[in-house]
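Colleague: can't give you the sequence, but here's the structure:
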């Protein structure tokens, strides 16, 4: 398999954490891609019209995206348990993934606004709205009892917190979220997670 | 069940088309919500920290989001066939959903840039990048053989094209996509789809 890839993309990290957990990472060839919303990477657009990473090319040559689809596909071919089948756990895990992805979408939009857009065109209310989404999401995650199990919801949360460390250090999320801080300390030592953090440093 | 709702949200429409297809729409009470990325709706944020529609409150009082999770949940409780189980069809349908959602994400960002953001802060390159994503996606969809079956990928495509009609009439997508035009004409007559179009008119 081939994966269009950027080492700092949190959505790519989700995929790679899943691949490591499932013992599939050695089967994935990484193809570096320049995915930017204003300068599109033509080789990537040929495989995914959105021009976004991660995009997976399967053994059969089929393009799969986005991270949610790829993670579920890897879980399927690796006969994994990252997507719970039990109904109560399933919807909880998928909604947790959705919230983590939503936190990341907001973080990416805030980052584009402050690091990609010309400074004179920055709209503070937009950035504040995105940061508020991040904060509300963190407050909610802090209220959860994060069990020891490691499913797609928890993987997404780990990648979200890792991205805040990479790009939003000034938010200092650990200070007001002690339970998340403790959980993330443990999770970051997991081999599948630690390997992804190392890639971007 | 209760659904936080906006009549023009294409993601809400996805959910409602699924609900109609599955015979579940009469079980869903609609709760109007003002989901804006800069002015957040507190009653919605209490149930979904991202403050986005659609958000579903299940019979058991559990919050589910986003549209992908809700659609799959409704398909499950309605014992539907909108999410193919056959492996080859499954990944095709989910990637098609992902592409339709990505087209919509780009369309929403372009709309926020031109209708929500103060005019003097508009960045043309950003809008052009989003429109280019829409165009690449349409070109790809035009190349597909869209079978008669009606799964989550096709529902998402229908809602994407409906949103372009609602907000991007000037793109005139029918002119250069005759196969999509013909397909959409047929699909729009389906009761589940026609009902959603009527809601926003």
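Modeller: That came through, no problem. The structure presented is a predicted model; accordingly, all values stated were derived computationally and were not measured.
Colleague: under the pLDDT cut-off, which ranges of chain A? List them.
Modeller: Counting by pLDDT under 70, the low-confidence segments of chain A come to A:200-201.
Colleague: that one: strands as residue ranges?
Modeller: All strands of chain A, identified by DSSP state E, fall at A:2-5, A:29-32, A:55-57, A:63-64.
Colleague: tell me which of those strands sits most buried.
Modeller: Each of the strands of chain A was assessed for mean neighbour count using mean count of other CB atoms under 10 Å in any protein chain shown. The highest is strand A:55-57, with a mean of 25. For glycine as for every other residue, the C-beta is placed from the backbone atoms N, C-alpha and C.
Colleague: partners of it, with directions?
Modeller: In its sheet, strand A:55-57 lies beside strand A:2-5 (antiparallel), strand A:63-64 (antiparallel), with partners assigned from DSSP bridges.
Colleague: output those strands in CSV, with distance to residue B:195 appended to each entry.
Modeller: Formatted as CSV, the strands paired with strand A:55-57 follow (distance: least, CB to CB, whole Å):
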stretch, distance to residue B:195
strand A:2-5, 39
strand A:63-64, 32
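Colleague: okay, domains of chain A per the record?
Modeller: Listed domain ranges for chain A are A:2-77, A:87-193 (source: automatic domain parsing).
Colleague: which one of the strands of chain A lies nearest to residue A:47?
Modeller: Shortest distance between residue A:47 and those, using CB to CB, is found for strand A:63-64: 4.6 Å.
Colleague: how far does the closest one sit from its chain's centre?
Modeller: Averaged C-alpha coordinates place strand A:63-64 at 17 Å from its chain's average position (CA atoms, centre = their mean, to the nearest Å).
Colleague: and stretch A:60-70, by the same measure?
Modeller: 15 Å.
Colleague: end-to-end on it?
Modeller: 14 Å (CA to CA, to the nearest Å).
Colleague: what does it contact?
Modeller: Counting by CB atoms under 8 Å, 6 or more residues apart in numbering or on different chains, stretch A:60-70 makes contact with A:3, A:11-12, A:14-15, A:18, A:47-48, A:50, A:52, A:54-58, A:73, A:97, A:101, B:68, B:91-92, B:94-95, B:98-99, B:102, all of which sit outside it.
Colleague: can the longest helix belonging to chain A be said to contact chain B?
Modeller: Scanning chain A for the longest helix, with DSSP state H as the assignment, gives helix A:87-111. Yes. Part of helix A:87-111 sits close enough to chain B to count as contact by CB under 8 Å from any CB of the partner chain, namely A:87, A:91, A:92, A:94, A:95, A:98, A:99, A:102, A:103, A:106.
Colleague: from residue A:167, how far out is residue A:112?
Modeller: Taken as CB to CB, to the nearest Å, the spacing of residue A:112 relative to residue A:167 amounts to 11 Å.
Colleague: same check, this time on residue A:79
Modeller: Taking CB to CB as the measure, residue A:79 falls 35 Å from residue A:167.
Colleague: the more surrounded of those two?
Modeller: Neighbours were counted for residue A:79 and for residue A:167 using other CB atoms under 10 Å in any protein chain shown; residue A:167 has more, 17 against 7.
Colleague: what sits against that one?
Modeller: Each residue near residue A:167 by CB under 8 Å, 6+ apart is listed here: A:107, A:111.
Colleague: again with residue A:101
Modeller: The neighbourhood of residue A:101, defined by CB under 8 Å, 6+ apart, consists of A:11, A:67, A:68, A:156.
Colleague: which one of those residues sits closest to chain B?
Modeller: Top of the list for closeness to chain B, among the contacts of residue A:101 and by CB to the nearest CB, is residue A:68 at 7.1 Å.
Colleague: what is the neighbour count of that closest one?
Modeller: For residue A:68, the tally of surrounding residues (other CB under 10 Å) stands at 24.
Colleague: and if you look at residue A:150?
Modeller: 18.
Colleague: pretty sure it sits against residue A:190.
Modeller: Yes. Using CB atoms under 8 Å, residue A:150 makes contact with residue A:190 at a distance of 7.2 Å.
Colleague: show me where chain A has helices.
Modeller: In order along the chain, chain A carries the following helices (DSSP H): A:10-21, A:42-45, A:67-77, A:87-111, A:124-143, A:152-167, A:178-187, A:191-200.
Colleague: of those, which is nearest residue B:37?
Modeller: Of all the helices of chain A, it is helix A:124-143 that lies closest to residue B:37, at 4.7 Å by CB to CB.
Colleague: tilt between the closest one and helix A:152-167?
Modeller: When axes from the mean of the first three to the mean of the last three CA atoms, to 10 degrees is applied, the directions of helix A:124-143 and helix A:152-167 differ by 130 degrees.
Colleague: okay, the angle between helix A:124-143 and helix A:87-111?
Modeller: When the same axes, to 10 degrees is applied, the directions of helix A:124-143 and helix A:87-111 differ by 150 degrees.
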